[in-house]
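Visitor: Quick one, structure for this:
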Amino acid sequence: MSRNTKGLIAYLVIVTALSGAFITGARALGQSGAYLAGFYMLTPALAAVITRAFFYGEKFRDAGLKLGRWQDYFYFWLGGIGIAAVNYLAFTIAGAVHWDFSGEAFLAQLDKILAASGQQMPLPKGITPRGMLFLYTIGGLTIFNVFPGIIFGFGEEFGWRGFLFPALYRLRPWAGFIAGGLIWFLWHLPLSLLSPAVSSYPAVVDALRLLFLALGSIATFTVLAYAYVKTGNIFIPSILHGTINNASRAFSYWVSIDNQALADISLAVSMIVIVLALYKAGEFRAFEKLQKRKN
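Guide: Okay, the predicted model is just below:
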């Protein structure tokens, strides 16, 4: 068994154990455990640190921890905002959402959530609820994309793209993209146990949603892996990941979802289109460098 394979097996065992322990503990805490969901995102990085320290011959030498060029941070930050914008364009074209620039739909939903938990919306003096949404939108498209987004982004990227993807790719390139994306997708599913939702769709629609969510995860996994391999810098996909999440959240303040199933499907389609665009532009040549490093 090669060192690459040993490290891969060790990583999968460790991340499964850590993630399972976290979900079990969070569920034991009941409703308050849902607030710990963000820290679940750190388990891949912790698993990668343990694996590299004790079960991987290269240790941290190929972990991509050099800061790299500042231009890469800027370009991939803009790229993250662009990806979120493309996704919301796809939602709009598909008719999955309609835009509500008053913010009333989001604020009404937020009021319901806060009322259910016995809380009130905290507002600084002189700031209206709509003004708060504008501030959060600006923040989500700028500084909030860096902090704390990079922290939780790094929590995933250091494990999934920085360790799992190269290890799988060296076994088989298709495994890097497809198996890696599916593992990443499956790792997200236990989060639904912390705040289970009742579906109003027929079983066949839920199955279709799940299929497209899996395809979208493979496509998104590929885009993030590209950012890592292209730059050789694990902080770049961390920025990209955090930017996509925060920019998407910023846009969500101004839309109302009309059809969640259609939104899930259009999200997957838009991410697949982005991957195809990268391939057509010849950007997949960046992955060739991994084939030269067989362990």
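Visitor: Okay, now the unreliable bits of this structure?
Guide: 1, 31-34, 114-121, 144-149, 194-198, 292-295 (pLDDT under 70).
Visitor: what's near enough to touch the most centrally placed residue in it?
Guide: In the chain, the residue lying closest to the centroid (C-alpha atoms, centre = their mean) is His241, at 5.6 Å. Going by C-beta atoms under 8 Å, 6 or more residues apart in numbering, His241 touches 80, 149, 153, 156-157, 224. Every C-beta, even on glycine, is put in place using the N, C-alpha and C of the backbone.
Visitor: Kindly report the same for Arg52.
Guide: Residues near Arg52 by C-beta under 8 Å, 6+ apart: 7, 58-60, 63, 163.
Visitor: all helices of this protein, in order?
Guide: Taking DSSP state H, the helices of the chain run over residues 3-28, 37-40, 43-54, 70-94, 104-116, 129-140, 149-157, 165-171, 173-174, 180-188, 203-231, 235-252, 260-280, 288-291.
Visitor: JSON lines please, covering these and showing distance to Leu123.
Guide: Listed next are the helices of the chain as JSON lines, based on distance: least, C-beta to C-beta, whole Å:
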{"stretch": "helix 3-28", "distance to Leu123": "29"}
{"stretch": "helix 37-40", "distance to Leu123": "23"}
{"stretch": "helix 43-54", "distance to Leu123": "34"}
{"stretch": "helix 70-94", "distance to Leu123": "26"}
{"stretch": "helix 104-116", "distance to Leu123": "11"}
{"stretch": "helix 129-140", "distance to Leu123": "6"}
{"stretch": "helix 149-157", "distance to Leu123": "23"}
{"stretch": "helix 165-171", "distance to Leu123": "43"}
{"stretch": "helix 173-174", "distance to Leu123": "51"}
{"stretch": "helix 180-188", "distance to Leu123": "32"}
{"stretch": "helix 203-231", "distance to Leu123": "34"}
{"stretch": "helix 235-252", "distance to Leu123": "18"}
{"stretch": "helix 260-280", "distance to Leu123": "29"}
{"stretch": "helix 288-291", "distance to Leu123": "50"}
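Visitor: Can you pull out the residues in contact with stretch 261-271?
Guide: The contact list for stretch 261-271 (C-beta under 8 Å, 6+ apart) reads 83, 86-87, 89-91, 93-97, 201, 205, 208-209, 212-213, 215-216, 219-220, 223, 257.
Visitor: ok, and for that stretch, which residues are buried?
Guide: 261-271 (16 or more other C-beta atoms under 10 Å).
Visitor: Any chance of a markdown table for the residues you listed, columns distance to Leu12?
Guide: Shown next, in a markdown table, are these (distance: C-beta to C-beta, whole Å):
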| residue | distance to Leu12 |
| --- | --- |
| Ala261 | 31 |
| Leu262 | 34 |
| Ala263 | 31 |
| Asp264 | 27 |
| Ile265 | 29 |
| Ser266 | 32 |
| Leu267 | 27 |
| Ala268 | 25 |
| Val269 | 30 |
| Ser270 | 30 |
| Met271 | 24 |
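Visitor: that older thread, narrow the contacts of stretch 261-271 to those that are buried.
Guide: By neighbour count, with 16+ other C-beta under 10 Å, those hold 83, 86-87, 90-91, 94, 96-97, 205, 209, 212-213, 215-216, 219-220, 223 as buried.
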